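>>> With the input below, show me the fold.
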Amino acid sequence: MQKLEINVQTRDDMIQLGKRIAHTLRGRDVVLLSGPLGAGKTTLAKGIGEGMRIAEDIVSPTFTISRELQGVLQGGSKARLIHVDAYRIGGALLSDVENIDTLILDQLESLGLDEEIEEPSQNTVVLMEWGERFVTSLAPQRLEIYISRPLSNTANSEQTLSDEGTRIVTIVPVGESWQKRELAQE
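Model (predicted):
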């Protein structure tokens, strides 16, 4: 797979894109979802969950930090999806740039997530929202997905993020494993 940019018009389109991504997943994959609040990260995660045939509703694990869900991979083998919201991980630690990797790894270890991110088990997929701040140093093979929100003009000519309009989803495969794959067709 090469870097892709996809225009997503609606919530349903975002869910369909998530299903397509789910059909390319294999055990031990790490997927990072990035973008501003309200961009559609959790909606895309819902589509991935649907594509993995996860029975539970996919919701943002902001307050629980991570959720473990059972589903299946494209070939039909059972899979475990670990859905992580890293928004609150790191927090004040981010100011200590010199020791950031060690400090965040300690925090992930205290949550029991460090090993799953560094080397997910055989049938595990890690889906992490807000993980771009530090997971790049932990997961050398990963799929990075950035969702941008459109801007709109306010009454006083300031530009703000808009809930309406097309999202641009940029998909960046990192590592040899991802370079050899293609995004599933609709």
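
>>> outside of stretch 49-63, which residues touch it?
15, 18-23, 25, 41-42, 45-46, 48, 67, 69-73, 79, 81, 83-85, 87-88, 125, 129 (C-beta atoms under 8 Å, 6 or more residues apart in numbering). Heads up, the C-betas are built off the backbone N, CA and C, glycines and all.

>>> list the buried ones in it?
Within stretch 49-63, the residues scored as buried using 16 or more other C-beta atoms under 10 Å are 49-52, 54, 58, 60-61.

>>> which among the residues you listed gets closest to Lys3?
Nearest to Lys3 among those, counting by C-beta to C-beta, is Gly51 at 21.1 Å.

>>> ok, the closest one to Leu25 distance?
Distance check for Gly51 against Leu25: by C-beta to C-beta, to the nearest Å, it reads 8 Å.

>>> what sits against Tyr146?
If you count contacts by C-beta under 8 Å, 6+ apart, Tyr146 has them with 34-35, 132, 169-170, 172.

>>> switch the cut-off to 7 Å
34-35, 170 (C-beta atoms under 7 Å, 6 or more residues apart in numbering).

>>> from the residues you listed, which is closest to Arg149?
Gly35 (7.0 Å).

>>> The closest one: neighbouring residues, count only.
Gly35 has 22 neighbouring residues, counting by other C-beta atoms under 10 Å.

>>> For the nearest residue to it once chain neighbours are set aside, give me the backbone phi and psi.
Spatial nearest neighbour of Gly35, excluding adjacent residues (C-beta to C-beta, 6 or more residues apart in numbering): Ile147 at 3.6 Å. Phi and psi for Ile147, reported as degrees, to the nearest 10, are phi -110, psi 120.
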